[in-house]
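Student: I'd like to go over a predicted model; first the sequence, then the structure.
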Amino acid sequence: MTNFQEFIDYVFSFYGEGGLYPLNVTKEQIALATLKYLDNCAFYDQQDKPWTSDYKVMKWGDGDSLDRERVRDELIDMYQLDWEACMPV
C-alpha cells in the first residue's frame, strides 16, 4: 500500500457493505481501527524483548493481508461485531 486511504479502501472491499465478508463497517470505523492497530504496532516495536512463542509480535506489514486481518480483529473487538455471521455457508 502506498497510502492510508488506499489501505482503508482495501479493507473496506473485504468488510464494508457489499464486501467479501460484509461486516458492514464504514470507512471511518476502519480508519479508527487502523489507527489503533498502528498504535499497537508502535507499542510492540518499542518493547525490548526477544521474539518467543509467548510474545505476540505485531509489526506493520505495509498493508498486507495480515494487516487487514488484524484491523478486522480490531473492528470486531471495538464494535462487538459477529464475525461468524459473515462467513459464507
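Tutor: Here it is on my side, so go on.
Student: all contacts plus neighbour counts: C-alpha atoms, from now on.
Tutor: Noted.
Student: wait, residue 31 sits on residue 8?
Tutor: Yes. The pair residue 31 / residue 8 is scored as a contact, 6.3 Å apart, by C-alpha atoms under 8 Å.
Student: the more surrounded of those two?
Tutor: residue 8 (23 against 20; other C-alpha atoms under 10 Å).
Student: how near is the more buried one to residue 57?
Tutor: Relative to residue 57, residue 8 is positioned 23 Å away (C-alpha to C-alpha, to the nearest Å).
Student: in terms of helices and strands, where is residue 75?
Tutor: Residue 75 is part of helix 65-79, with elements assigned from DSSP states H and E.
Student: run through who's touching that helix.
Tutor: 11, 15, 29-30, 33-34, 36-37, 60-61, 81-83 (C-alpha atoms under 8 Å, 6 or more residues apart in numbering).
Student: do that again at 10 Å, thanks
Tutor: Helix 65-79 is contacted from outside by 7-8, 10-12, 14-15, 23, 25, 29-38, 58-61, 80-83, using C-alpha atoms under 10 Å, 6 or more residues apart in numbering.
Student: same check on stretch 32-45?
Tutor: Applying C-alpha under 10 Å, 6+ apart, the set of residues contacting stretch 32-45 is 4, 7-8, 11, 27-31, 55-61, 67-68, 70-79.
Student: again, only this time at 8 Å
Tutor: Applying C-alpha under 8 Å, 6+ apart, the contact partners of stretch 32-45 are 57, 58, 59, 60, 70, 71, 72, 74, 75, 78.
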